Structure formats: C-alpha cells, structure tokens
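In: Here is a sequence with its predicted model. Questions after.
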Amino acid sequence: MALDTSLILLNDLEKLCRDGQLNSVLNAVNIMDERGLYVSTHILSCLLQLGMDKADSRAARKLYHLLIRLGYDSDCHLASQLIHMHLLCESLPEALQVFGKLSTTDAFLWNSVILAHARLGYNQQTLNLYHRMQECGVSADKHILAVAVKACSGLASLDQGRLIHCYIVERGLGSNDFIVSTLIDMYSNSSGIEDAQRVFNCAPIQNVVAWNTLIKGYIKHGLVSSVVKLYCQMQQQGVELDRITFISILKTCTGASDLDQGRSIHRQAVEKGFELDSLIVARLIGMYGSTGHLLEACMVFEEAPKQDLRIWNAMIAIYAQHGQNAETLTLLKGLQQAGLEANFSTSLSLLKGNNRVISLDQVRSVHGMVVELGFDKESPVMNTFITMYAKCESLHDACRVFNSVLSPDLVTWNAIIGAHAMHEQGMNALQLFHYLQTQGWDLNWATLCASLNACSSVGAIGEGNLIHSFIIESSLECDIMVMNNLIDMYIKCGNLIDAFEVFDSLTDRDVVTWTTLISGCCQHYQYEKGLQLFQEMQEEGVLPNHVTLVSILKACHCLSALDQGKLLHECIVGRGLDSEVSIINALIDMYAKCGALLDGRKVFDKSCIKDVVTWTTMIDACVQHESGPEAVFLFKKMQQEGIEPDRAAFLCAFKACSSVAALTQGKAIHRQSFERGFSLDNAIVNSLIDMYMNCGSLIDAQQVFEEAPFRDIVTWTSMIAGCARHNNYQLAQEYFQNMGQVGIKPNSVTFLSLLSACAHVGLREEGLSHFKSMLSLGISPMLEHFTCIAEVLAHSRDLDAAEDVFETCPFRMDIAGWLSLLPHCKNSPSMAKRCFDYLAGMDCKKAAGFVLMANIYVAAGLTESASLVENLRHHANAWKKPGKAYIELGNQVHEFTCGGKRIPEIDAKLQELATEMKQEGHTPLVDLVLQNTPNEEKERVLCGHCEKQAIAFGLLNTAPGATIRVSKNLRMCADCHSASLTICKIERREIIVVDELCVHVFKDGACSCKFEYD
C-alpha cells in the first residue's frame, strides 16, 4: 500500500505543478523525503518555478529548508531559482542568505540581486553588493553602473560616486544617455550643482532626460531663476519638451509670487497637448491655488477633460490649505458622487491645512469629515490617522481609530504597536506583538522594528532577547533595518556588550548601523570607543551622515579633543555639510566646550541657516565663557531676526541675565516667557527665582515663588539657596520649615543650601544641628556637605575642628574644599600655610589659592612672604582670571575689566570719592598690591578694580538715591569691600554687588555679608 502511494506521488507531481497546487506538491515531496524516496532536481526545479509564479514568501522559506535537508542547497541552478523566488517575494535577507553560499560569477544572478535591493531603496546594501561583484571579477553592465551611481546619490556619498564615475569613463560608458542622467542626479544630491552642470556640459548628446535631471538638480538647490533660464535654453535649442519638463518647471512656479511665467508655461503645456495629463493638471491647480488664485485653480479643475482622483486630491489640498472647510467638504462629497474612492493621498491632502504643524484639533476635524463621508472603511486612510493621532500625543484617539477598523491588516497592527511605543506604553505594545505571534501572523520587518522600539521605551531587555531569538528563527537577521533596531534596543536597555555582539555578527553594515553604535557609545560615556568606531567606519568606506557627525562632535567636546574636533570640522566643510543646521549647532557646542569660543562664534556668524537651537547654543556658549552681555544681546537679536524663543532659549536667557545682574532685561524676558505660555513650567519658574536671587533682588524672587502654581523640591531649594547667597539664614530656615509643613521632604541639595546659609553667617550650632538632621533622615553626606561643615566651624574661629573635618572626611578633600577654608585663616598664617601646601600638592593651577595666601601674608605684615607666593604663582603658570564687573543701565549691560581701558570721567569720579573717603577715615589697603611701586601708584591700581569702576559709572549715570547694582565674576577684594562701605554712606545710596561668593548689600555704611571681611 505504501509503495502504491509513493508511485501515485511520483506520477502526479508534474500534473500538480501544472495545476498550480504548490502546497500539495510541497507536501508530497516532504512525504517522499520522509520515506527515503529519491527526489529529482527536475521535480524540485518545477516546484521552485511554481513558487516563483505564486510569489509565496512562506513557501519560499519551506523550500529553502527542504533544499538544505535534501543536500541541494549548493546546486547553482536550484539556488538561483530560489533566490529569484525570494526576490519576487521581496524577501531580500533570505535571498542574500542563499546567495552568500554560492561562489558564482553568473552576471544575471548578480544583476538580479543588486537590482532587487536598488528597487527597494537599500542603497548601502546595493553599493556593498556592487563592490563584491567587482571583487569576484564579474563585470558590471551599464544598468548596474547606473544603479550604483543612483545608490551613491541616495546616500549622498560623493567620494564613492566619483570613483564609480572614473570607472565609467575608463570603460568608455561616459556618453551613455542613461548613465549621464544618473551622474547628473548623483552630483546634484551629493555635491554642488556645479559638478552636475559639468557632467551635462560634457555629454555628447543632451537629450530631454538630461535636461530634466539638471532642472531637477537646480530646483533641489533652490535656484529658481536658473531653472527658468534652463527652460528657455531648452526651447532655444529645439529640445522636445516632455511631461516631466512641465511637471518640474511648474513646481518652481508654485512658490513664486509672480505667476506670469507660470501662466506662460500653462499655455505651452496646452499647446503640446498635455492638458490631458492628470499630474500636470494637478500641478497647475497647485500653482494657482498656493498663491491665492483660487478662481484660476477652479477653472483648471473644471476644464480638465477627465477629473481623476489625483486632480480631486489637488483641489481638496488647496481648499484645506486655505482653511475653507465647507468647500473642502463639498469637494469630498463631489468626489464620492463622481464614483471615486478616497485613498491614502486624499487623507494627506486633507491634512494640508497647515503645512508646518498638524495639530490634534486639525486631525480630529479631518477625521470627522472622513467618517461623515464614509471613507473610514479605507485601511490606508485609517492607518494614517492612527499614526497622526499618535504624533499629536493622543494615544486614546489612536486606539479609538484602531478599534473602529473591522479587519485590521498588518500595517494597521504595526501602526498601533508603534503608537504605544511612541507613548512609552511599551508593555502594551509588546502584548499586541505577542497576540500577533499567537494568531500566526506573518510578521514583517516593520512589526519587529516597532516591537523593538517598545522594548527600548520601557527597558524590557528580556522581551528584547525573545524578539532577538524570533528574528534568528525567522531568518531575518540579514534584514539591516531590523538589526539596526536590535542594536538600538540593546543600547537603550543599557546592554552595550550585546549591542557590540550583534554589530560584529553583521556582514553588511550601513551608515545607520555604525551611527547607532557610535551614538550608543557616547550615551554610555565611552567617547574614546566612539571615536575608534568612527575611524573604523571610514576605513570600511562608509561615509558618516549628519547624525554620526553630531555624535562624534559630542565625543570631541566631552574629551576636550579640540584638535580632533577641528579636523572633523575640515572634513565637514570638505563634504559640503557645513550648511546642515544640526551640524552647525554641534560645532558651536563643541568649540565652546573645548574652550574655543571665538571659533564657535565664527561658525555661528558664517551660518546662513540658524534655528532656535543655533541661537540658544551660541547664547549658552557665551554664558559659559563669561560673556554675559553678548549673551543678552544675542537673545534680543534672535527675536529681531524672527526666531521665536522656546523653553530652552528662555532658560539660557535667564542664565545670561543672572550672570551680569541684568535685572531690567531679566524682568522683560520674564514677562515675555509668561506671555508665551510658560507660566506653569516649573523649570522656568525655578530659573526665574535663581535669576532674581543672582541679580540681588530677593523681593522679586519671593514674588515669583509666591505666585508659582506648583512648587516642587527644586523650587523650595532654589529659595533656600538664594537666601543663603543673600546671607539671610533666618529666611532660609523659614522656607526650610515651611517646606516640611507642606509635606515636601528635603534632599541632599536642600541641606547643602541650608548648610551654606549657616557657613555664610557663621552659625556653628545651627549648622551642626542641620548636619545631624540630614544623617537622621538617611541622607548620606557628600564631599560638599563636609566642606560646608568645615566652613561653618572655620567661620566660628574653630580652625582646628575645621581641619579635623577635612582629615576625617571619608572623601579625599578636593581643591575647592581647601580653597573654601583658606580665607578663614587670615588670623592664622601657619594654618593658612598648611591649606596652601595641600593645594600645591594637588598641582593646583587656580590663581585664587595663591592670591588668598598672599593676601593673608599681607594682612599679617609678612610682605616678603607675600611676594614669594606671588613669584610661585608665576612659576606655576597659575594666571589670574581677569576680573570683570557688569552694570545694567537702561537696556544695556556695560562691562569693566581690571587692567582695561580707563575712562577719564570715571577716574575723575573715583579720585573725588578717594578724597571724600579719606576724610571719612577710609584707608586704602595698598599692601594688597604686590608691586614694588610708591603708594600713590598702588592707590591708582586699586582705583582700577572693575567693581569700583562700575560703581563710579553707575553714580555718574543714575539719579541721586537710585540703587547701584553691580555683578562681578570673582570675589570682591578687601579694599573694594571697604571702599563700598564708605561710598554707600557718602553717596547715600544702596549699592548691591553680586560676586562669586554672595550678594553684598551695602547700605548706611554696613554690608549684609557681616563677618566675611572681618
């Protein structure tokens, strides 16, 4: 009986193949194999041919495993058929898997594999296969060369494109019409238009395709006037214009305000008989409608001999663009009455109400129209709405649309999985993925990519591992998009080791693969590894894109690798990428953070394209480099040039005002930010508190605090820290207690601010009490807390206890700690010397330590020792940071620098004040000037201190009795502090000086800092 069955199978296989019974034949062959019967290559070939006719991807996988089992997987003829079957199913990873096992020089097979990848837009894989083909000695024909050039165009890979161009010329194919057009397109995409123009000029025959491609290149570069000239030249040279010519040229007229040229082209298109072409009619409607000529657009529509869906969509888009919803609805009904059905393009046309931003209300409005007209049964349209709602941050609406689809296809499922992943609902997205698996869906690359993104959003590495296993089981590990998302998932889940393992397992890596791993290294602070990968990427011939370059520029600034950053900048300019705004922003940031502000400013000034991030980056860079006045100026200029500030820009502007105590401008920007809707933004509120505190306006900071709609731990801590800077411990303590009463628990930063308040005014018992409270709450003290406690003790004259804190601290005391203790040792030169020795042992290059030590020696009358320390400072190359003071008058910040240009009017005012101060008993502290010069000259040097100049400038340019507000980048010296006490008394003014230590409020001969200069 078994023998009879086998004979039946053998006799009927060919008949089943002829009848197209693919699964029956496949089952029969499997039975034959199980029973040990011989399966001929002829039968397998028939089976594979049938598979190609059916283009069944599941059957293709089964056939592949069958060939392996039967030992025929290395048979060139059968393998070639299987590859073609995979290609017809667009299963490129499987095709490559079979192809990779063959050592074939069959040009037809190479061409098929390369063309299939090119057809699906896999540019990097297309180029890789082209190079492998060349290495195998298979000569590329003109079609493959054109495809390779097109792949270079898609990747904007100018270097590789030029190499292939040279090879084309060597092969004598440089005059081929098809190749010439492809080269023009490649140079237009990858370089300037000049290279494309040269190829065109050298072409022996300039046919209409070459002209059209060149016109397309000029349009891409925004050279509209040149496009019109080319169009005229075509006519002068007798080139027969085709539909592509008119489609391209009408595109340039769409954005022109003068429609005369467009109307002329319209007439010529009609003369050439193109008034029947639906795409040209649609472009004409777009041209008239986009410039407000709706009547002419309607005339074109009415006169169209055949109003197909494309023409209807063009009219719908125009009315939607002009916000005429009633007319749009009428058109939609007319479309339905004409017997047409809305498609994906219709939904996109509806959503063109605003070309820049699509709001949730717009999407809901259009969705309502679609439902009213009964178009909500169209899956492509509903899939679009799922994605649109997700992008408008309404997952609820996206789910509602999904639930309304009666028979969701795989694209619908992928859209809703992606929507959940986008909204950090990763576990829900993964549940949907598992449901598809259990229901036996044939999942594709899009499903897997969406599911991997879901794993990334919630750090579900266990689920990610399962999906990785599924990818291997499904033979999808050759799909580069899936593998790139897999690498990204491992990186975002914190597993860089597995990310590298996946990367190393890949035979083909595109620019996205390299960039994903490089960015991952930077995210995990492995900047040197990122730079190493970047080098390897270039060695493998993969050109970086703008995302790669931004990541590498970040690595350069994090490593302070200025030289490497400059080399990369040269490379960017060489490749013509210095007009890419994200790269411009990254270059400015890199230069600023590597200490080269001027280089960053050059990049900024040369840039023709500046978005809000560019301006914000430059403003922030100026603040970092103590160029506060310039930062404030740039913020104003940004708005003058039509760039609206965003949240980040406002935050940087507040920092800029804070750095120079620009209270007036800070208040104006405060009002502006609230007018823009940021009054409920806690980061803005907290930044405002900090700005007002640093501008010396405690009252304004308190008002912002009181009016804050929501106060988090940062808000309360900002107030406590501000009170500390204002030397107001009582108020800081009050806010601390109130914070506890409203149920907000203090953190380590809150206690640090409170301890700082105690340190500023020398409250020993209170400081120690707060330190114990912190420990009792389970908050582990950090180095900064021990430094503050030491300052509290030192301020209360207990230097030995302060030194004990440093020596018993579980952390190694840093430079900042010893520098904070040194000023309190003014009455103990021996203790000061020990602090200074610690600093010297740390190879301290900060001039502050040397200056403080020298001042202590001066105060103790040890001028020779002070001079010795000054000499040591010079020997150690510990150069003083130039002292800068700022004062705001009106809407301008004025800057004064120690040792800078002296202004006669200010010098005269200071001389007048010096005379009056001496009469009040003030004695200049000339010993602070460590120069061997007469006392008169030393007094002149002291008068040149920047804060004194700023105060004098304020006295000269403000009304009597007005408050003088000055900001300084360093700590006030003892002489300036003493002088300010006397000046405020003489001038009967309140003088506020904000230095790096605290806010000094001089009034009636006293200062709010109390003990700081005793």
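Out: Okay, I see it. Computed from a predicted structure; not experimentally measured. Residues are numbered from 1 along each chain as shown.
In: Could you use CA atoms for every contact and neighbour count after this?
Out: Will do.
In: Quick one: the helices in the stretch 651-800 of the chain, in order.
Out: For the stretch 651-800 of the chain, the helices defined by DSSP state H, counting those that start in this stretch occupy 663-675, 682-694, 698-707, 713-725, 729-741, 748-761, 764-776, 783-795, 799-808.
In: Select, out of those, the one closest to Ile951.
Out: Counting by CA to CA, Ile951 lies closest to helix 663-675 out of the helices of the stretch 651-800 of the chain; the figure is 15.9 Å.
In: Alpha carbons only: can I get that closest one in CSV?
Out: Only the C-alpha atoms of helix 663-675 are listed here, as CSV (Å, rounded to 0.1, in the frame of the first residue of the first chain):
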residue,chain,number,x,y,z
LEU,A,663,17.6,92.9,36.4
THR,A,664,15.7,95.2,34.0
GLN,A,665,16.1,92.9,31.0
GLY,A,666,15.5,89.9,33.1
LYS,A,667,12.1,91.2,34.1
ALA,A,668,11.3,91.9,30.5
ILE,A,669,12.2,88.4,29.4
HIS,A,670,10.2,87.1,32.5
ARG,A,671,7.1,88.9,31.2
GLN,A,672,7.7,87.6,27.7
SER,A,673,8.1,84.0,28.8
PHE,A,674,4.8,84.1,30.6
GLU,A,675,3.1,85.7,27.6
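In: Which residues belonging to stretch 324-338 are considered buried?
Out: 325, 328-329, 331-332, 335 (16 or more other CA atoms under 10 Å).
In: so how far is it off the chain centroid?
Out: Centroid separation for stretch 324-338 versus its chain: 41 Å, with CA atoms, centre = their mean, to the nearest Å.
In: And for that stretch, what's in contact with it?
Out: 309, 312, 315-316, 319-320, 341-342, 369, 373 (CA atoms under 8 Å, 6 or more residues apart in numbering).
In: do that again at 7 Å, thanks
Out: 312, 316, 319-320, 369, 373 (CA atoms under 7 Å, 6 or more residues apart in numbering).
In: Over to stretch 619-633?
Out: With CA under 7 Å, 6+ apart, stretch 619-633 has contacts from 589, 592, 634-635, 652-653, 656-657, 659-660, 893.
In: can you tell me which of these are in strands?
Out: The strands, defined by DSSP state E, take in Val893 from those.
In: neighbour-wise, which of the contacts of stretch 619-633 leads?
Out: Within those, neighbour counts (other CA atoms under 10 Å) peak at Val660, which reaches 32 neighbours.
In: In helices, which of the buried residues of stretch 324-338 fall?
Out: 325, 328-329, 331-332, 335 (DSSP state H).
In: Residue ranges in the stretch 201-350 of the chain under the pLDDT threshold?
Out: When residues are selected by pLDDT under 70, those of the stretch 201-350 of the chain lie in 222, 225, 254-259, 323, 325, 342-345, 347-350.
In: Which parts of the stretch 101-250 of the chain are helices?
Out: 107-119, 123-135, 142-155, 158-170, 177-190, 193-202, 208-220, 224-236, 243-254.
In: Can you spell out which helices and strands pack onto the fifth one?
Out: Helix 177-190 makes packing contacts with helix 142-155, helix 193-202, helix 208-220 when contacts are defined by 3 or more CA pairs under 7 Å, 6 or more residues apart in numbering; DSSP states H and E.
In: One more pass at 8 Å, please.
Out: helix 142-155, helix 158-170, helix 193-202, helix 208-220 (3 or more CA pairs under 8 Å, 6 or more residues apart in numbering; DSSP states H and E).
In: thinking again about what came up before, can I get the contacts of stretch 619-633 in JSON lines including pLDDT and distance to Ala721?
Out: Formatted as JSON lines, the contacts of stretch 619-633 follow (pLDDT from 0 to 100; distance: CA to CA, whole Å):
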{"residue": "Asp589", "pLDDT": "93", "distance to Ala721": "29"}
{"residue": "Ala592", "pLDDT": "93", "distance to Ala721": "28"}
{"residue": "Leu634", "pLDDT": "94", "distance to Ala721": "29"}
{"residue": "Phe635", "pLDDT": "95", "distance to Ala721": "27"}
{"residue": "Cys652", "pLDDT": "95", "distance to Ala721": "20"}
{"residue": "Ala653", "pLDDT": "95", "distance to Ala721": "20"}
{"residue": "Ala656", "pLDDT": "94", "distance to Ala721": "19"}
{"residue": "Cys657", "pLDDT": "94", "distance to Ala721": "18"}
{"residue": "Ser659", "pLDDT": "92", "distance to Ala721": "16"}
{"residue": "Val660", "pLDDT": "93", "distance to Ala721": "19"}
{"residue": "Val893", "pLDDT": "92", "distance to Ala721": "26"}
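In: among the contacts of stretch 619-633, which two are most distant?
Out: That would be Asp589 and Val893, which, of the contacts of stretch 619-633, are the farthest apart (CA to CA) at 24.5 Å.
In: Tell me the spacing between Met638 and Met618.
Out: 11 Å (CA to CA, to the nearest Å).
In: higher neighbour count, the two?
Out: Taking other CA under 10 Å, Met638 and Met618 do not tie; Met618 has more neighbours (25 against 20).
In: nearest residue to the more buried one other than its sequence neighbours?
Out: Ile588 (6.7 Å; CA to CA, 6 or more residues apart in numbering).
In: Does that neighbour touch Lys606 like I think?
Out: No. Using CA atoms under 8 Å, Ile588 is not in contact with Lys606, being 11.3 Å away.
In: quick one: Glu939 from Leu517, how far?
Out: Per CA to CA, Glu939 is found 61 Å from Leu517.
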